[in-house]
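Need a 3D model of the sequence below.
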Amino acid sequence: MCAMARPRKPLLSTDRIVGAARTLVDAEGLAALSTRRLAAELGVSGPSLYNHFRTKDQILEAVADSVSAQVDLSMFKDGRDWRTALHDWAVSYRAALRDHPNIVPVLARGPGRRPAGLRLADAVFGAMVDAGWPAAQATSIGALMRYFVTGSALGSFAGGFVDDETAYDPADYPHLGQAHLLAEQQEKIDDRAFETGLTALLDGLAQQYAALHQ
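Numbers count the residues shown, from 1 in each chain. The predicted structure is shown next:
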């Protein structure tokens, strides 16, 4: 009698668990994730997950870090000036969060011990210090940028209005006569708002930088 051959690849891996969890959170939100549901999605028994993660929170942390790992950091290494690098990084950061909006509340708690999140924070801080910002202000810039980008990913301004033209009575809201049109242009409006805010933020930082180096 021949012994059954072992599968070439293990049934479970950390990457496979994280990928499945990320897909589930993307599709149905944080509340949908449980070890039982995740095991069912992977076609394994629940206890087998514990060989890789001890708790659901650890899985969520790993999912959050996998999203942070999607953020481009090359702009801090290829010679771009600090303002251009910060702009391009913010755009990449927002794109990653926009692709995975349901995990943003976990990311908003900060990097903790997550490796990719810590590399992100380290890259921004290091680039600002190397560009001539004092360490305290470099820290503030990193915090400011995280607040701005994370906040932009938590919800859509344009998407917050209904597309019913009768919803906003001009007697009550005299300046919202066109508000019902915003939802259908959500992406365009939100992108423009992000760029407007980012430009204003960077303009302010540039003034501070110039004052520091007079």
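
The longest helix along the chain packs against which elements?
Looking across the chain with DSSP state H, the single longest helix is helix 186-212. Counting contacts by 3 or more C-beta pairs under 8 Å, 6 or more residues apart in numbering; DSSP states H and E, helix 186-212 is packed against helix 82-99, helix 135-153. C-beta coordinates here come from the backbone N, C-alpha and C atoms, glycine included.

tell me which residues in that helix are buried?
Within helix 186-212, the residues that qualify as buried are 189, 190, 194, 198, 201, 202, 205, 209, counting by 16 or more other C-beta atoms under 10 Å.

got it, and stretch 105-122?
In stretch 105-122, counting by 16+ other C-beta under 10 Å, buried: 106, 107, 111, 114, 116, 117, 119, 120, 121.

State the mean pLDDT of it.
For stretch 105-122, mean pLDDT is 95.

where does this protein have low pLDDT?
Residue ranges of the chain with pLDDT under 70: 1-10.

quick check: domain ranges of this protein?
Listed by automatic domain parsing, the domain ranges of the chain are 14-67, 72-212.

contacting residues for residue 123?
Contact analysis of residue 123 by C-beta atoms under 8 Å, 6 or more residues apart in numbering lists 73, 76, 89.

Make JSON lines out of those and add distance to residue 101.
Converted to JSON lines, the contacts of residue 123 look like this (distance: C-beta to C-beta, whole Å):
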{"residue": "73", "distance to residue 101": "21"}
{"residue": "76", "distance to residue 101": "25"}
{"residue": "89", "distance to residue 101": "19"}
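
Please spell out which residues along the host helix or strand of residue 36 are buried.
Assigned by DSSP states H and E, residue 36 belongs to helix 35-42. Using 16+ other C-beta under 10 Å as the test for burial, helix 35-42 gives 35, 37, 38, 39, 42.

excluding its backbone neighbours, what's nearest the third one?
What it means is residue 38. Spatially, and ignoring its direct neighbours in sequence, residue 38 is nearest to residue 21 (5.7 Å; C-beta to C-beta, 6 or more residues apart in numbering).

Next, find the distance separating residue 155 from residue 204.
24 Å (C-beta to C-beta, to the nearest Å).

do the same with residue 159
27 Å.

likewise residue 63?
Noted for residue 63: a distance of 34 Å to residue 204, by C-beta to C-beta.
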